[in-house]
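Novice: fold the following and give me the result.
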Amino acid sequence: MDFTDKKISNRKAIALLARNGIEVNDEEATVIVSFLYLMAKIHNRKMVLNDTEILKEKSNRSNNSLALH
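Specialist: Numbers count the residues shown, from 1 in each chain. Take a look at the predicted model:
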């Protein structure tokens, strides 16, 4: 997985984890950051799909109420 637009560098991830008592090397930081980016990507995709479904339902309700009048 290549997240070319990462906003968190490995150095920053290592520092953040170290502040919380977790020591990792550069390779481990790469795996952790990539995993978190993947989780965020999946979450965002689900949010977009959910929003799309809500908009479709609202649109269908509006169209149905217009057809009844």
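
Novice: now for the helix or strand of the chain with the lowest mean pLDDT, which elements pack on it?
Specialist: Every helix and strand of the chain was ranked by mean pLDDT, DSSP states H and E. The lowest is helix 26-68, at a mean of 81. Packing partners of helix 26-68 (3 or more C-beta pairs under 8 Å, 6 or more residues apart in numbering; DSSP states H and E): helix 10-19. Glycine gets a C-beta too; all of them are placed from N, C-alpha and C.

Novice: is I14 in contact with I22, as I believe?
Specialist: No: with contact defined as C-beta atoms under 8 Å, I14 does not reach I22; the gap is 9.1 Å.

Novice: which of the two has more neighbours?
Specialist: Between I14 and I22, I14 has the larger neighbour count (other C-beta atoms under 10 Å), namely 19 against 11.

Novice: list the contacts of that one.
Specialist: Residues counted as contacts of I14 (C-beta atoms under 8 Å, 6 or more residues apart in numbering) are V24, N25, D26, A29.

Novice: could you check the pLDDT of the first one?
Specialist: Confidence at V24, expressed as pLDDT, is 98.

Novice: any idea how far it is from H43?
Specialist: Look at V24 and H43: by C-beta to C-beta, to the nearest Å, they are 23 Å apart.

Novice: more neighbours, the two?
Specialist: Higher neighbour count among V24 and H43: V24, with 15 against 10, using other C-beta under 10 Å.

Novice: list phi and psi for the more buried one.
Specialist: phi -130, psi 160 (degrees, to the nearest 10).

Novice: wait, it touches L16, no?
Specialist: No: applying C-beta under 8 Å as the test, V24 and L16 come out as separate, 10.2 Å apart.

Novice: what about K6, which SS state?
Specialist: Under DSSP: H, G, I helix; E, B strand; the rest coil, K6 falls in the coil class.

Novice: for it, grab phi and psi.
Specialist: phi -60, psi 140.

Novice: tell me the pLDDT of it.
Specialist: Confidence score, pLDDT, at K6: 74.
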